[in-house]
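Student: take a look and give me a structure for this.
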Amino acid sequence: MVAAGGAIGSLARYGLAVALPTEPGEFPLATLLCNVIGCLLIGALMAVLTEAGRPHRLLRPFFGIGVLGGFTTLSTYVIEVIDAGTAGAVLVAVLYGAGTVVGALLAVATGLVLTRAAIRPRLRRS
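Tutor: Okay, the predicted model is just below:
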């Protein structure tokens, strides 16, 4: 399940990178979007897993570790920060480096809070 999910997530990240290519020194929008969107979805998934009574045992390995683990990327993020700095785009490196961390943290919190708010009333009714 992890491998199947990872293949799906990695292909989605690759597709976004192809759709939004960047050269060293340019702002790597595709990777930023992958990491922030992935973190939003991880927050939502964690809310479902902690709020739902008995989620399917393969939900976390498939979606959390597989799909979203393959979709998000720390290694590419680090390389792109280094590439931007090496290319002389220090401002891009700093903004991208800090922006990704702040954006990812806010996205996880947002996904968690919004999903909990959406599913708690439904769980109480059932």
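Student: okay, CA-based contacts and neighbour counts for the rest of this
Tutor: OK.
Student: for Leu29, which non-adjacent residue is closest in space?
Tutor: If you skip the residues right next to it in sequence, Leu29 has Leu20 as its closest partner in space, 7.0 Å away by Cα to Cα, 6 or more residues apart in numbering.
Student: got a pLDDT number for that neighbour?
Tutor: Leu20 is assigned 97 on the pLDDT scale.
Student: Leu68 too?
Tutor: Confidence score, pLDDT, at Leu68: 97.
Student: coming back round to it: what about the residue nearest to Leu29, how many residues nearby?
Tutor: Residues contacting Leu20 under the criterion other Cα atoms under 10 Å number 12.
Student: give me the most central residue, the chain.
Tutor: Taking Cα atoms, centre = their mean as the criterion, Gly38 is the residue nearest the geometric centre of the chain, at 1.9 Å.
Student: you'd agree that residue is up against Gly70?
Tutor: No - with contacts defined as Cα atoms under 8 Å, Gly38 does not count as touching Gly70, sitting 9.3 Å away.
Student: average pLDDT across the longest helix seen in the chain?
Tutor: In the chain, ranked by residue count with DSSP state H as the criterion, the top helix is helix 90-125. Within the predicted structure, the mean pLDDT of helix 90-125 is 92.
Student: so which elements touch it?
Tutor: Using 3 or more Cα pairs under 8 Å, 6 or more residues apart in numbering; DSSP states H and E, the elements in contact with helix 90-125 are helix 29-51, helix 74-86.
Student: dump these to CSV, plus distance to Gly111 and mean pLDDT.
Tutor: What follows is the helices and strands packed on helix 90-125, written out as CSV (distance: least, Cα to Cα, whole Å; pLDDT from 0 to 100):
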stretch, distance to Gly111, mean pLDDT
helix 29-51, 4, 96
helix 74-86, 19, 95
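Student: now tabulate these in a markdown table and tack on distance to Ile119.
Tutor: As requested, those are arranged in a markdown table below (distance: least, Cα to Cα, whole Å):
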| stretch | distance to Ile119 |
| --- | --- |
| helix 29-51 | 8 |
| helix 74-86 | 30 |
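Student: can you report how many residues lie near Pro121?
Tutor: Counted with other Cα under 10 Å, residues neighbouring Pro121 total 10.
Student: now swap in Leu95 and tell me
Tutor: Burial measure for Leu95: 12 neighbouring residues, criterion other Cα under 10 Å.
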